[in-house]
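> can't give you the sequence, but here's the structure:
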């Protein structure tokens, strides 16, 4: 898994969205994944997320692991103060300051397999077949 692939999966919502919940157990609904941010700051802006009965509008940050938030110093960066959801491939720590959505068990294996095939292809055009 790469962060670029995780961004792609989030942007186009290529994961099982049924009965979502944050890792702390709160029911979670993605009303809008937001817009990909190509500048400094969180990965997506203008997202709308419902957690429990509260609707939040703000940014979404994506990482491979939950612990990457601290490794990247986001807790001390004002650019990340409006993050309403931390989307990760794998939740590898406890005691989150933000709601966390883990996608590891929600992405179709076929998507991951096809991505790997394309990335490892030695063809001039990886998708030529």
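Everything's here; your move. Since the structure is predicted, the reported quantities are computational estimates derived from the model, not experimental observations. Numbers count the residues shown, from 1 in each chain.
> residue ranges of the strands in the protein, please?
Counting by DSSP state E, one finds strands in the chain at the ranges 28-32, 35-36, 44-51, 54-65, 83-90, 100-102.
> The fourth one pairs with which strands?
Neighbouring strands of strand 54-65 in its sheet, by DSSP bridges, are strand 44-51 (antiparallel), strand 83-90 (parallel).
> Give me whichever of the ones you listed is most buried.
Sort those by mean neighbour count, taking mean count of other Cβ atoms under 10 Å, and strand 83-90 sits at the top with a mean of 22. (C-beta placed from N, C-alpha, C; glycine too.)
> Closest to the centroid, which residue in this protein?
Of all residues in the chain, the one closest to the mean position by Cα atoms, centre = their mean is residue 87, 3.4 Å from it.
> just checking, that one touches residue 10?
Yes. Between residue 87 and residue 10 there is a contact under Cβ atoms under 8 Å: 5.7 Å.
> Overlap of the contact sets of these two?
Applying Cβ atoms under 8 Å, 6 or more residues apart in numbering, one finds that residue 87 and residue 10 are jointly contacted by 60, 62, 103.
> doesn't residue 42 make contact with the first one?
Read it as residue 60. Yes. Look at residue 60 against residue 42 with Cβ under 8 Å: they come within range, at 6.3 Å.
> Low-confidence stretches in this protein?
Counting by pLDDT under 70, the ranges of the chain that qualify are 111-112, 115, 117-129.
> can you give me the helices in it?
Here the chain has its helices, by DSSP state H, at 3-11, 68-71, 109-120.
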